[in-house]
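# no letters, just coordinates:
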């Protein structure tokens, strides 16, 4: 409410979130990318965690506050891209929500369909911006991950980055950040197949080895000739990530205790 009072033109906002995983809460942190143009970023990914979003009804009309059923399991991505095109948006630089990650969530249960829809939305946005003439490769990898679709999407990423270099300097950094986020989305999609040779192909053809963590570089380098070694290394990396999460997180009960409501 205070933010809207300060910025009466603001259409909607979100906030940072803390993550709750396996009974422990890690504090959220501001990603510097959110200091760029949110309208541009909204063409590449869902800019806000959905439960944090608040709308200014004095600015946004009733007709705009709707979900489109055609974008199943990515309705928020579609909604926020439409709103960000028309109204100013802002991220509050404080955590106002604890978000629980678990296997029973809609995102976890419908991840494949969500990813297909996500890529479809990105493709539509890029076509409207004139940053691509054809999104068949982007859509194809959402349906099936193979050496052919990986090669196609690597070509797509390189061509997209080339077109972005021609954009005006004022907006170029935001679109560059968006394109990098798209690459990470594709990298995760391919990596989840647990076929290191495919991930190795994506990183090689897109020339993105330096875009991933050094530990992952070491793990995936043997992916083309010794996939078993890459799989073992990636498994060890996941265990290290779990351990790191434990060190940076706090038991949920102690964090949430001050907010518990007593029974009447």
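The structure has been received and is ready for your questions. Predicted model, so just to flag it, every value in this text is computed and none were measured. Numbers count the residues shown, from 1 in each chain.
# CA atoms for contacts and neighbours, from now on please.
Will do.
# residues contacting the closest residue in space to residue 10 that isn't next to it in sequence?
Leaving aside its chain neighbours, residue 10 sits nearest to residue 88 (5.1 Å; criterion: Cα to Cα, 6 or more residues apart in numbering). Shown here is residue 88, whose contacts under the criterion Cα atoms under 8 Å, 6 or more residues apart in numbering are 9-12, 39.
# now a PyMOL select for only the buried ones of those.
Of the contacts of residue 88, the buried ones go into a single PyMOL selection, burial set by 16 or more other Cα atoms under 10 Å:
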select buried, resi 10+11+12+39
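# nearest to residue 96 among the contacts of residue 88?
Residue 96 has its nearest neighbour among those in residue 12, at 15.1 Å by Cα to Cα.
# quick one, helices of the stretch 1-150 of the chain?
2-6, 38-41, 75-86, 106-109, 111-128, 136-143, 147-164 (DSSP state H, counting those that start in this stretch).
# can you pull up the most central residue in the chain?
Nearest to the mean C-alpha position of the chain, by Cα atoms, centre = their mean, lies residue 45 at 5.2 Å.
# which ones are touching the nearest residue to residue 81 once chain neighbours are set aside?
The shortest distance from residue 81 to any non-neighbouring residue, by Cα to Cα, 6+ apart, is to residue 42 (5.0 Å). Applying Cα under 8 Å, 6+ apart to residue 42 gives the contacts 77, 80-81, 84.
# what's the average pLDDT for the longest helix anywhere in the chain?
Ordering each helix of the chain by length in residues (DSSP state H) puts helix 227-248 first. Taken as a whole, helix 227-248 has a mean pLDDT of 94.
# for that helix, which residues meet the burial criterion?
Within helix 227-248, judged by 16+ other Cα under 10 Å, the buried ones are 227, 229-231, 233-234, 246.
# now it: how far from the chain's centre is it?
Counting by Cα atoms, centre = their mean, to the nearest Å, helix 227-248 is centred 21 Å from the centre of its parent chain.
# what does that helix contact?
Contacts for helix 227-248 (Cα under 8 Å, 6+ apart): 24, 26, 194-197, 215-216, 219-223.
# list the strands paired with the helix or strand just after it, with their directions.
Downstream of helix 227-248, the first helix or strand assigned by DSSP states H and E is strand 250-251. Note on strand 250-251: by DSSP bridges, its sheet partners are strand 24-26 (antiparallel).
# ok, now which ones touch residue 161?
176, 179.
# which phi and psi does residue 47 have?
Residue 47 adopts backbone torsions of phi -70, psi -30, taken as degrees, to the nearest 10.
# my guess is it contacts residue 80, does it?
Yes. Counting by Cα atoms under 8 Å, residue 80 is a contact partner of residue 47 at 7.3 Å.
# how distant is stretch 25-35 from the center of its chain?
13 Å.
# buried residues in that stretch?
25-26, 28, 34.
# identify, from these, the entry nearest to residue 130.
For the buried residues of stretch 25-35, the nearest to residue 130 is residue 34 (23.4 Å; Cα to Cα).
# for the chain, give me the ranges with low pLDDT.
105-109, 261-264 (pLDDT under 70).
# got the domain ranges for it?
1-108, 110-241 (automatic domain parsing).
# which one, of those domains, ends up nearest to residue 254?
Short answer: domain 1-108, nearest of those by Cα to Cα, at 9.4 Å.
# show me how far that closest one is from its chain's centre.
12 Å.
# stretch 159-176 now?
19 Å.
# the lengthiest strand in the chain vs helix 75-86, what angle?
Counting by DSSP state E, the longest strand found in the chain is strand 89-101. Orientation check (axes from the mean of the first three to the mean of the last three Cα atoms, to 10 degrees): strand 89-101 against helix 75-86 gives 170 degrees.
# quick revisit: adding distance to residue 127, write the buried residues of stretch 25-35 out as CSV.
Putting those into CSV (distance: Cα to Cα, whole Å) gives the following:
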residue, distance to residue 127
25, 39
26, 38
28, 33
34, 23
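# just those residues now: which is nearest residue 18?
residue 28 (4.5 Å).
# for the closest one, grab phi and psi.
phi -80, psi 150.
# sounds good, over and out.
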